[in-house]
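K.L.:
okay, structure incoming, though there's no sequence with it:
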């Protein structure tokens, strides 16, 4: 189960005019029940994505089980590497930077953050930061459920600019 709060950036991005596709690793297109029983309805299955498509941003929510499932998916690994090599934004929150990105060996040596208790799983492959959100080149990472809003606004700013992110934050009564 993923952490439902970490899907908050989907709302922020959509409010900012970003076309967001929520993808499921499951075999059938049905709501995915998160760790606290809240369902998220994906737009499509991972197998329905064209393997040669490129998005401006690909990102992984967290939750240890979800991060482990992402890390075990060869498709997700290849997808993230292809986006990274194309200079597209790659992002993850909570357990996913420590588990999935580390498993993928995505951008070793770069600065990142993750759920603090999982920093030991980085195996020295990254420059760990205790910041809530870390941007290092095209890679954006965040710590967990409580940092989902700052993470979402950073994603929006990276895609649509600071002015758009600040406007949406103000509309949502969120102080950046």
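P.N.:
Everything's here; your move. A quick note: this is a predicted structure, and the numbers were derived from the prediction, not measured.

K.L.:
how about the contacts made by residue 70?
P.N.:
Taking CB atoms under 8 Å, 6 or more residues apart in numbering as the definition of contact, the neighbours of residue 70 are 25, 60, 76, 96, 99-100. All C-beta atoms are positioned from the backbone trio N, CA, C, and that covers glycine.

K.L.:
where does the chain have its least confident helix or strand?
P.N.:
The element with the least model confidence among the helices and strands of the chain, by mean pLDDT, DSSP states H and E, is strand 32-33, at a mean of 86.

K.L.:
parallel or antiparallel, list what pairs with that strand.
P.N.:
Sheet neighbours of strand 32-33, with direction, are listed as strand 39-40 (antiparallel) (DSSP bridges).

K.L.:
helix or strand next in line after the strand it pairs with, which one?
P.N.:
As assigned by DSSP states H and E, the chain's next helix or strand after strand 39-40 is strand 44-45.

K.L.:
list the strands paired with that following strand, with their directions.
P.N.:
Under the criterion DSSP bridges, strand 44-45 sits next to strand 23-24 (parallel) in its sheet.

K.L.:
hmm, residue 14 is touching residue 20, no?
P.N.:
Yes. With the criterion set as CB atoms under 8 Å, residue 14 and residue 20 qualify as a contacting pair; they are 5.5 Å apart.

K.L.:
quick one: which of the two has more around it?
P.N.:
Set side by side, residue 14 and residue 20 show unequal neighbour counts under other CB atoms under 10 Å, the larger going to residue 20 at 16 against 13.

K.L.:
where along this structure do the helices fall?
P.N.:
Secondary structure of the chain (DSSP state H): helices located at 8-15, 64-72, 74-85, 95-96, 102-104, 148-160, 162-171.

K.L.:
please report the distance of the closest residue to residue 174 other than its chain neighbours from residue 56.
P.N.:
Computed as CB to CB, 6 or more residues apart in numbering, the closest residue to residue 174 that is not its neighbour in sequence is residue 149, at 6.0 Å. Counting by CB to CB, to the nearest Å, the separation of residue 149 from residue 56 is 20 Å.
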